[in-house]
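J.: show me the folded form of this:
(chains A and B)
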Amino acid sequence: MAALLEVKGLKAFYGQTQSLYDVGFEIPDGGITTLLGANGAGKTTTLRAICNMVRTDGTIRFAGKDIAGQATEEIVRLRIAHVPEGRGTFTTLTVDENLRIAAYTRRDKQGVKDELERVFGYFPRLKERVQQQAGTLSGGEQQMLAIARALMLKPRLMLLDEPSFGLAPLIVQEIFRILRRINEDEKVSILLVEQNAALALDLAAHAYVLETGRVVMSGPSSVVKNDENVRKSYLGY
Amino acid sequence: MEQFLQQIASGLANGAIYACVALALVMIYVSTDHINFAQGEMAMFSTYISWQLMTWGLSFWFAFILAVVFSFVLGVIIERAILRPLHNAPVLSIVVVFIGLLAICNSVAGAIWSYLIKEFPSPFPKSSFGIAGVIGPHQLGVVMVTLIVLGLLFVFFRYTPLGLAMRAAAQNPQMARLVGVRVDWMLALGWGLAAAVGAVAGIMVAHIVYLDPNMMGGILLYAFASALVGGISNPGGAVVGGFIVGVLENMVAYAGNQIEKATGIYIIGNGEKLTVALIIVITVLTVKPAGLFGRVVVKRV
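T.: Down below sits the predicted model:
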């Protein structure tokens, strides 16, 4: 299968500070891939670099086209949906508005309506709270809203940054179940960044391990899971 | 009693003007965190444009619409050409640019149209507008026009996808980019709308204060006060703040006159309106720093 996203020799800088040195990976079309690593390894930066939210250098090819250097909003319009760390919902807007904003360029009202219904199929809880301000939702609901809004973009690739962050284990399980369904039903490829390595390796088919801005290991999840270093450092047994 | 009602009515008319300019200030403030000191002078410039169009023979409303559209375009151009390159500039540089813009608008208007004070027509016919003894035709007209404009803006921001995108871009620009909103254009659009609303205020107030390049100086101050009283980050609050300040300044002068009439002692009159209004504004802000309807911004450190 051809790679949907191909990253080669990726470097990223915050001002003078370089935080990625040589990151390369491929995401197969329709697959789930995870980036693992300790705090500060460059996982979030990698996602930000794909969407050109930091100064970057290197090759980023999406669906065969070079997208490096394009404006964030234009990259998103190629149907790459980024769910950032800390959820990033518009707290003063309602749930409904948070979802509709992702479809604001579309003129077909019926299409948007169908899209909303489809998204509510995955997140029935959000439907109950559709007129509520996003800031008043619980942490889990806000994370669901962020993923739901990403779905409204009809993405081919979803970049997820720590979807489990700060959530109760039961909620996390629910969200990961939904992610798997989204991947299977919608054929959305997923690039997942997670602290919770066990969870991530269960969901993803492929894994890359980052250390101080470099890929130090990669392979199928089943192999990475059984690697002794990964087990000691990230799985804790 | 009649005088009292008249004072309230003219306060509302002034308040409508303050509300428009305050809203223009807030629209730019919420998306950029800057106060556009040139807002008043830009409105003055638009008012001259409408005056020029009228002297060329256009009807009031046609000139009004053309001037508002012109202001919108000018606002967009100013944002794209002047403020865009200053995107990451320190606050003080931007303040200097605003003040420069203020001076440029003022002197260009003076150079083209001279500093002589001009009369400005009112489009509202005396025969069919106003309520005798309560509110004059122009005052009623001003209140109506501004309410229509504010209503249209409310509908635009609340119910259209573009309005939603602009609100999102103002609230969280980076997140807005991540849902495909072209944030830079939203900012330019915000500038255009703010300039257009300012133009409406300028054209409406010119009949009352007469047309000259310095006509908006005091009004900008009142509008700034209104925005602060209402809560600088709350558009609805800024509008209410405008009406509060407008009525308040008249009430102060009215009370002063009544006292003088009853006791013969002059304490306060029309001349001190601005001072007293600003004292009240400062008092409000001392008690409620975020304004009457503002949200207290808490920053985590």
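
J.: when you work out contacts or count neighbours from here on, use the C-alpha atoms and nothing else.
T.: Will do.

J.: just the residues contacting stretch A:14-34, thanks.
T.: A:1-13, A:42, A:45-46, A:54-55, A:183, A:187-194, A:200-201, A:203-208, A:212-215 (CA atoms under 8 Å, 6 or more residues apart in numbering or on different chains).

J.: which helix in chain A runs the most residues?
T.: Longest helix in chain A, counting residues (DSSP state H): helix A:169-186.

J.: what helices or strands is it leaning on?
T.: Applying 3 or more CA pairs under 8 Å, 6 or more residues apart in numbering or on different chains; DSSP states H and E, we find helix A:169-186 packed against helix A:139-152.

J.: the helix it packs on near chain B at all?
T.: Yes. Counting by CA under 8 Å from any CA of the partner chain, chain B has neighbours in helix A:139-152: residue A:150.

J.: just the buried residues of the contacts of stretch A:14-34.
T.: A:3-7, A:10-13, A:42, A:45-46, A:54, A:183, A:188-194, A:200-201, A:203-208, A:212-215 (16 or more other CA atoms under 10 Å in any protein chain shown).

J.: now, those that are in strands?
T.: A:3-7, A:10-13, A:189-193, A:206-208, A:214-215 (DSSP state E).

J.: list the contacts of the closest residue in space to residue A:29 that isn't next to it in sequence.
T.: Closest residue in space to residue A:29, ignoring its immediate chain neighbours: residue A:4 at 4.8 Å, by CA to CA, 6 or more residues apart in numbering or on different chains. Going by CA under 8 Å, 6+ apart, residue A:4 touches A:26, A:27, A:28, A:29, A:61, A:62, A:63, A:64.

J.: ok, these vs chain B, which is closest?
T.: residue A:62 (16.4 Å; CA to the nearest CA).

J.: and the closest one, its phi and psi?
T.: phi -120, psi 120 (degrees, to the nearest 10).

J.: quick one: end-to-end length of stretch B:80-95, please.
T.: This stretch, stretch B:80-95, spans 17 Å end to end (CA to CA, to the nearest Å).

J.: sketch out the low-pLDDT regions of the chain for me.
T.: By default, I'm working from chain A. Along chain A, the parts satisfying pLDDT under 70 run over A:1, A:237.

J.: wrong chain, I was asking about chain B
T.: In chain B, residues with pLDDT under 70: B:296-301.

J.: what residue in chain A comes nearest to chain B?
T.: residue A:73 (4.3 Å).

J.: once you drop chain neighbours, what's closest to residue A:51?
T.: residue A:72 is the one closest to residue A:51 (CA to CA, 6+ apart), at 5.3 Å.

J.: doesn't residue B:176 make contact with that neighbour?
T.: No. Using CA atoms under 8 Å as the test, residue A:72 is too far from residue B:176 to be in contact (9.8 Å).

J.: what is the neighbour count of residue B:1?
T.: Applying other CA atoms under 10 Å in any protein chain shown, we find 7 residues neighbouring residue B:1.

J.: residue B:164 too?
T.: Using other CA under 10 Å, residue B:164 is surrounded by 20 other residues.

J.: cool, the one 5 residues further on as well?
T.: Around residue B:169 there are 24 other residues, counting by other CA under 10 Å.

J.: now it: which helix or strand?
T.: For residue B:169, the element it lies in under DSSP states H and E is helix B:161-171.

J.: quick one: residue B:104 is in a helix?
T.: Yes. Residue B:104: assigned to a helix according to DSSP: H, G, I helix; E, B strand; the rest coil.
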